[in-house]
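[1] Give me the fold of what follows.
(2 chains)
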Amino acid sequence: MDTGIKVAWVLWLSAILFSLGALGVLIKRNSIVIFMSIELMLNAANMALVAFSRMHNNLDGQIVVFFTMTLAAAEVAVGLAIIVALFRLKHSIDVDQASLLRW
Amino acid sequence: MQRIFGWEVFSEARGKMALKVLFLLVALGAVAGAIGMLASPNPVHSALFLVATLFCVAATYLLLGTEFLAIVQIIVYAGAIMVLFLFIIMLLNLRRDEFGVDPIPSQQVGGIMVTVLLAIGLIAVIGSAVALRTFRSPLTLTPLPELARALFTKYLLAFEIASLILLIAMIGIVVMAKRPKEGV
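    Numbers count the residues shown, from 1 in each chain, chains lettered A, B, ... in the order given. Below is the predicted model:
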């Protein structure tokens, strides 16, 4: 008995979401939106892991996804704290303003 | 009477068709939300579009039969992480000129070209014979007790380290968010 959903479809969806996340990182200047794009890329990778885990009927992939979500929560909290600190310093969250280390 | 994911369906063909249509709708919703996030100039709208995408990803997890991850996805991502994003956006209360200037058009075109190449490359890699299999449906959803057992035996060390990382993140935020002392 199969569900009719092909593994490739889920992987394609994951690839498209990952590419859109990468696009956001490339073209956006607002650091909060860039950060959201990174979250989208993490989600796309999670989706591929879940698809492979279900394909092989192996639970390890799902546990990796669980840990990725835990770490994403920690990462978001730290990243947003960095953005708030950047805003205090520069009064802007434009990533082009954060050029102190450039040279 | 046939069963797909433990749901009784009248005919296998109809059940499969329903699942395919549901998956298509959810996938379109996820992509539309992601495009909306990139297209909207207001970060609050971007965040709300991303919430829609994350819900669609959770729905995909449900269609794949991993209901625990679907629930965790909604609670952690849509519930906690996006609320944190919206909270910070509202806390900073940015004026239009503090959002960041519009990207340079050439940068936008270059970014879109790189992204299209990336998507084509990824999709080409995926189009192998293995990935064209369909998901077999178990009679029940993913057994939660097995997941819990693996988490607390085989992955116990990773679980403890994850809790330590959350603690470190919490301390780090408090240190970073404190206002610096005067004259330092």
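[2] So for the helix or strand harbouring residue B:21, mean pLDDT?
    Residue B:21 is located in helix B:12-39, with elements delineated by DSSP states H and E. For helix B:12-39, mean pLDDT is 89.
[3] Is that helix in proximity to chain A?
    Yes - judged by Cβ under 8 Å from any Cβ of the partner chain, helix B:12-39 comes into contact with chain A through B:12, B:15-17, B:19-20, B:23, B:27, B:30-31, B:34-35, B:37-38. C-beta here means a position set from N, CA and C on the backbone, and glycine is covered the same way.
[4] Residue A:50: neighbouring residues, count only.
    Under the neighbour criterion other Cβ atoms under 10 Å in any protein chain shown, residue A:50 is assigned a count of 26.
[5] Tell me which other helices or strands the helix holding residue B:21 touches.
    Helices and strands touching helix B:12-39, as assessed by 3 or more Cβ pairs under 8 Å, 6 or more residues apart in numbering or on different chains; DSSP states H and E, comprise strand A:2-6, helix A:7-27, helix A:31-55, strand B:2-4, strand B:7-9, helix B:43-63.
[6] Of all those, which one comes closest to residue B:117?
    If you check each of the helices and strands packed on helix B:12-39 against residue B:117 by Cβ to Cβ, helix A:7-27 wins as the nearest, at 9.1 Å.
[7] got the angle between that closest one and helix B:12-39?
    Using axes from the mean of the first three to the mean of the last three Cα atoms, to 10 degrees, the direction of helix A:7-27 lies 0 degrees away from that of helix B:12-39.
[8] picking up where we left off before, what residues of the helix holding residue B:21 count as buried?
    For helix B:12-39, burial by neighbour count (16 or more other Cβ atoms under 10 Å in any protein chain shown) applies to B:15-16, B:19-20, B:23, B:26-27, B:29-31, B:33-34, B:36-38.
[9] is any part of the longest helix seen in chain A close to chain B?
    Of all the segments assigned as helix in chain A under DSSP state H, the longest by residue count is helix A:60-90. Yes - part of helix A:60-90 sits near chain B under the criterion Cβ under 8 Å from any Cβ, namely A:60, A:62-63, A:65-67, A:69-78, A:80-85, A:87.
[10] Understood, closing this out.
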